[in-house]
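1. have a look at this prediction, sequence included:
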Amino acid sequence: MVLRNVNKQFTFEEQRQEINEIAVDLDAINFILSSVNVSNWDAAYSWGNHASAGYLTSVSLLGLTDVEITPPGGPGFLPLDEGHFLTYTNGKWRNVQGITTGDPIVALGGIEIEKIVGGPYLNGLISFVGGAGISIGYGTNPTGNAGQVITADGNGGIQWSNVNITETDPIFVASPAGSITITDITNWDTAYSWSNHATAGYWVKDVAKISNWDTAYSWGDHANAGYLTSYTETDPIFNASPSKNITNTEISNWNTAYSWGNHSTVGYLTSYTEIDPIFAASPAATITNTNKTNWDTAYSWGNHATAGYITGISNLSIDALNDVAITSPASGQVLSYNSSTGLWENSAPTGAGGGSGTPGGLNTQVQFNDNGVLSGDSGFTYSKSTKVLDVSIIQSSINTNRVIESALLKSDSLSGSNGATVYLQNNAVYYYTTNASGDWTVDVRNSPSISTLHQLIGVGDSLTFVILATQGSTAYRNTTFKIDNSVVVPKWSGGTAFPGGNANSIDVYTYTIIRTGDNATIQWTVLASRNKFA
């Protein structure tokens, strides 16, 4: 595998089968890695560092148990010397003396076969002297000539044959083995030493994948295609969706929860009716999920005992408030808001009409700004006790966008002497929504707590109110009219009272009360009319 600097992609190259620049994307790399037996590598790593295991890195003949060699210069029958070789005797390999000068031929390494000193032929003894090759010592031509072969001499030994033998087997020459060289054999031996590559997990040629890689390579260098490498989410729909706030931790938790299996098939309780009388009588029985949610929310706010909240104001001064600034307070001063400092500050009041620090006018007179001075007027009053606002100061008109009047809806059925008790201080429109069941009396009063109407209406004042009476198939009418439980005969529109009601309709009675006498001789004039609505 070769990393090419041009397109920053990996390609495979083989010595004997040409595969040119097969582009490998990340999926291919993952495929290659996944095919390697990673667990074997992990297991080998777990065995530890073999360099510190004390394995042998070299060995000599002197250290072997079945070799017996007399060291050079040592005691014994035959101390080790130049030209010695090993022969097997009585269960041991022992050193013996070679032949005289000139014999045998000594190779630079490998296996050496020598004849016994004084003997006429080779006896097949073999000596390992290191290096490579085989050397056979014999006579005056110990190395032999090119093309000679080793043959038996008939006396138990071997020798170079004087006949040159040339390979003439046409089958061998035509076979693949006929062209094998020593270099080939050496290379193959080296390759064999690398162990069985079939178990190494190397990539195996996959024609389909190679074709796909060729196709992908033909698309060109994607690094220059201008693909997005980063992006900031601006989609308002996504930003407003719950998905925007999903975190990797939440996804991991959901995957974990999914791995627990489908809880709907586990058989958990889905409903239960509590029958324990002790629990049913305890405060816990009334605890709802809403309660628990609220308590959990309150708990999440933290321990309020450590928040430093004010637990009382009995020992606090108004000057201790953050938005109040008091300097040398004096009697009669007021607190006013200073927009430039954002504080409530003490100062003497301004614009007093009846003296410093006092309102103008008399009691019950509504205060108003009269040329920068607080003033009151007898025609603009409000009585707290009677809850009456007098605006007789207005001589011409009142400008307003709208007037909304409150109507009192009553489900009572009009009938009898106490059929309709009207409190004019409270409402001026009374709507009886249930069918009248008899002729009725109207009794007009001030309020439930103030019985006399003259406390509400002054001499020369008038007040109009309306009663809406729902009629069924049998109709009834208002026969008696009272003020403060005293009978007052109304003056009816048209000159006479109406003899009966209007069936299956709403009769609307309109009464206008005018006070015509003072407190000593209270007199009333009442104007009445009726209209049918159906």
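-> That came through fine. Residues are numbered from 1 along each chain as shown.
2. tell me where the model's unsure across the stretch 51-200 of the chain.
-> Residues of the stretch 51-200 of the chain meeting the criterion pLDDT under 70: 58-59, 71-80, 83, 97-150, 152-167.
3. my error: substitute the stretch 351-500 of the chain in the last question.
-> Applying pLDDT under 70 to the stretch 351-500 of the chain flags the ranges 351-358, 395-396, 451.
4. grab the nearest non-local neighbour of residue 88.
-> Counting by Cβ to Cβ, 6 or more residues apart in numbering, residue 88 lies nearest to residue 94, which is 8.0 Å off, once chain neighbours are set aside. Every C-beta, even on glycine, is put in place using the N, C-alpha and C of the backbone.
5. phi, psi of the one you found?
-> Here is the backbone geometry of residue 94 (degrees, to the nearest 10): phi -120, psi 150.
6. who touches residue 475 in this structure?
-> By Cβ atoms under 8 Å, 6 or more residues apart in numbering, residue 475 lies in contact with 436, 500-503, 505, 507.
7. give me the distance between it and residue 343.
-> To residue 343, residue 475 is 69 Å away according to Cβ to Cβ, to the nearest Å.
8. rounded mean pLDDT for stretch 243-262, please.
-> For stretch 243-262, mean pLDDT is 92.
9. contact partners of that stretch?
-> Here stretch 243-262 has contacts from 233, 238, using Cβ under 8 Å, 6+ apart.
10. alpha carbons only: can I get it in PDB?
-> Output in PDB follows, covering the C-alpha atoms of stretch 243-262 (Å, rounded to 0.1, in the frame of the first residue of the first chain):
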ATOM      1  CA  SER A 243     -34.500  18.100  17.900                       C
ATOM      2  CA  LYS A 244     -32.200  21.100  18.100                       C
ATOM      3  CA  ASN A 245     -31.500  20.500  21.800                       C
ATOM      4  CA  ILE A 246     -30.900  16.800  21.500                       C
ATOM      5  CA  THR A 247     -27.400  16.000  22.800                       C
ATOM      6  CA  ASN A 248     -25.100  13.100  22.100                       C
ATOM      7  CA  THR A 249     -25.500  12.100  25.800                       C
ATOM      8  CA  GLU A 250     -29.200  12.000  25.400                       C
ATOM      9  CA  ILE A 251     -28.900   9.800  22.200                       C
ATOM     10  CA  SER A 252     -26.500   7.500  24.100                       C
ATOM     11  CA  ASN A 253     -29.000   7.300  27.000                       C
ATOM     12  CA  TRP A 254     -31.900   6.600  24.600                       C
ATOM     13  CA  ASN A 255     -29.900   3.800  22.800                       C
ATOM     14  CA  THR A 256     -29.100   2.400  26.300                       C
ATOM     15  CA  ALA A 257     -32.800   2.500  27.200                       C
ATOM     16  CA  TYR A 258     -33.700   0.800  23.900                       C
ATOM     17  CA  SER A 259     -31.200  -1.900  24.600                       C
ATOM     18  CA  TRP A 260     -33.200  -2.800  27.800                       C
ATOM     19  CA  GLY A 261     -35.900  -4.100  25.500                       C
ATOM     20  CA  ASN A 262     -39.600  -3.300  25.200                       C
END
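11. which ChimeraX command selects the buried ones in the contacts of residue 475?
-> Buried members of those, defined by 16 or more other Cβ atoms under 10 Å, are picked up in ChimeraX with:
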select :436,501,502,505,507
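12. quick one: the helices in the stretch 151-300 of the chain?
-> Under the criterion DSSP state H, counting those that start in this stretch, the stretch 151-300 of the chain contains helices at 170-174, 182-193, 207-218, 236-240, 248-259, 277-281, 289-300.
13. to residue 390, which of these lies closest?
-> For the helices of the stretch 151-300 of the chain, proximity to residue 390 was assessed by Cβ to Cβ; helix 289-300 is nearest, at 50.3 Å.
14. and the next element down the chain from the closest one?
-> Counting by DSSP states H and E, the next helix or strand C-terminal to helix 289-300 is strand 324-325.
15. which residues touch that following strand?
-> Against strand 324-325 from outside (Cβ under 8 Å, 6+ apart): 318-319, 335, 341, 343-345.
16. again with stretch 295-310
-> Contacts for stretch 295-310 (Cβ under 8 Å, 6+ apart): residue 316.
17. what distance separates the start and the end of that stretch?
-> 22 Å (Cα to Cα, to the nearest Å).
18. show the average pLDDT along it.
-> The pLDDT scores in stretch 295-310 average 87.
19. residues of it that come out buried?
-> Under 16+ other Cβ under 10 Å, stretch 295-310 has no buried positions.
20. check stretch 310-328 too.
-> Result for stretch 310-328 [16+ other Cβ under 10 Å]: buried residues residue 326.
21. and that stretch, how far from the chain's centre?
-> From the chain centre to the centre of stretch 310-328 is a distance of 46 Å (Cα atoms, centre = their mean, to the nearest Å).
22. let's see the distance spanning that stretch from one end to the other.
-> For stretch 310-328, the end-to-end distance is 26 Å (Cα to Cα).
23. got it, and stretch 237-251?
-> 21 Å.
24. check stretch 515-532 too.
-> OK, stretch 515-532 end separation, Cα to Cα: 28 Å.
25. what of stretch 452-462?
-> 15 Å.
26. all helices of the stretch 401-534 of the chain, in order?
-> Remark: helices of the stretch 401-534 of the chain are absent; assignment by DSSP H, counting those that start in this stretch.
27. strands of that one, start to end?
-> 407-410, 416-423, 429-432, 440-445, 462-470, 478-483, 486-487, 491-492, 506-515, 524-533 (DSSP state E, counting those that start in this stretch).
28. number of nearby residues for the residue nearest to residue 88?
-> Residue 94: 16 surrounding residues under other Cβ atoms under 10 Å.
29. repeat that for residue 524.
-> Using other Cβ under 10 Å, residue 524 is surrounded by 19 other residues.
30. and the pLDDT for it?
-> Predicted confidence (pLDDT) at residue 524: the value is 93.
31. list the beta-bridge partners for it.
-> Residues in a beta bridge with residue 524, per DSSP bridges, are residue 515.
32. pretty sure it is touching residue 516, no?
-> Yes. Counting by Cβ atoms under 8 Å, residue 516 is a contact partner of residue 524 at 6.8 Å.
33. what about residue 377, distance to residue 515?
-> 22 Å.
34. I misspoke; the intended subject was residue 295.
-> Separation of residue 295 from residue 515 (Cβ to Cβ): 62 Å.
35. again with residue 436
-> Distance, residue 436 to residue 515, using Cβ to Cβ: 29 Å.
36. ok, now residue 178?
-> Distance of residue 178 to residue 515, given as Cβ to Cβ: 149 Å.
37. ok, the two, which is more surrounded?
-> Legend: neighbour count by other Cβ under 10 Å for residue 178 and residue 515, higher for residue 515 (20 against 12).
38. per-residue confidence at that one?
-> So residue 515 comes in at 93 (pLDDT).
39. contacts only, for it.
-> Counting by Cβ under 8 Å, 6+ apart, residue 515 makes contact with 454, 457-462, 522-524.
40. for those, work out which two are farthest apart.
-> 462 and 522 (14.6 Å).
41. more neighbours, those two?
-> A count of neighbours by other Cβ under 10 Å puts residue 522 above the other of residue 462 and residue 522, at 17 against 12.
42. distance of residue 94 relative to residue 69?
-> In terms of Cβ to Cβ, residue 94 sits 7 Å off from residue 69.
43. what touches both of these two?
-> With Cβ under 8 Å, 6+ apart as the test, residue 94 and residue 69 both reach residue 86.
44. now, the contacts of strand 324-325 that are in strands?
-> Among the contacts of strand 324-325, the members found in strands (DSSP state E) are 335, 343-345.
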